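Asker: Below is the structure, and that's it, no one-letter string:
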């Protein structure tokens, strides 16, 4: 009996170590179908999300890829808040999966705790925005800037589970969904 219990325990430990070591952190992630590589990345502490970026000091622009685990009909968003911490005041990149299988990516301003989530221009320039969906993961690519806030930014990220007429609806207001924010130095990581 004791030998069987030890064998089962050893087996469980080995499986756990394998699963942990094979997890897709940002440092060992390869973007499929693109030659794009990123010098910096961060496994974000909430919502199974990751941020990859290249900061170009000469232009004060940042080339980003934000990815998060999500299934249809959900949505993801990543934002910089140039005026403070938290969600309100953020300038966001949003993406969701359309019923036909294509992705939509766009920008919007988060101006309240109940924002419209309609497409809107941001206070800073965003170019080359596009979104992908693969293996239950949504990815937003974009070039942001020039940034006038320096290299340290307050950023927030989010996932939600519903859309109405192709507009993301309210995310959960507890747990990781309200903890998903931090300060990030784009130059030093």
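Answerer: Thanks, I have it. Note that the structure is predicted; figures quoted are calculated from it, not measured.
Asker: alpha carbons only for contacts and neighbour counts from here, please
Answerer: Will do.
Asker: residue ranges for the helices of this structure, please.
Answerer: Counting by DSSP state H, the segments of the chain that form helices are 2-21, 176-179.
Asker: Looking at the nearest residue to residue 73 once chain neighbours are set aside now. What's its pLDDT?
Answerer: Among residues not flanking residue 73 along the chain, residue 162 sits closest, at 5.6 Å (C-alpha to C-alpha, 6 or more residues apart in numbering). Model confidence at residue 162, given as pLDDT, is 80.
Asker: Repeat that for the one 10 residues further on.
Answerer: The confidence metric pLDDT takes the value 70 at residue 172.
Asker: Is it correct that it is in contact with residue 160?
Answerer: Yes: counting by C-alpha atoms under 8 Å, residue 172 does reach residue 160; the two are 7.0 Å apart.
Asker: ok, these two, which is more surrounded?
Answerer: Set residue 172 next to residue 160 and count neighbours by other C-alpha atoms under 10 Å: residue 160 wins out with 19 against 13.
Asker: which residues does that one bridge with?
Answerer: Beta-bridge partners of residue 160, counted by DSSP bridges, are residue 75.
Asker: check contacts around it.
Answerer: Residues near residue 160 by C-alpha atoms under 8 Å, 6 or more residues apart in numbering: 74, 75, 76, 168, 169, 170, 171, 172.
Asker: Buried among these? Make that a PyMOL selection.
Answerer: Remark: buried members of the contacts of residue 160, expressed as a PyMOL selection using 16 or more other C-alpha atoms under 10 Å:
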select buried, resi 74+75+76+168+169+170+171
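Asker: just the contacts of residue 160 now: which is nearest residue 155?
Answerer: residue 76 (13.9 Å; C-alpha to C-alpha).
Asker: Against residue 186, how distant is residue 56?
Answerer: Counting by C-alpha to C-alpha, to the nearest Å, the gap from residue 56 to residue 186 is 9 Å.
Asker: Now do the shared contacts for those two.
Answerer: residue 62.
Asker: In terms of neighbours, single out the busier of those two.
Answerer: Legend: neighbour count by other C-alpha under 10 Å for residue 56 and residue 186, higher for residue 186 (20 against 14).
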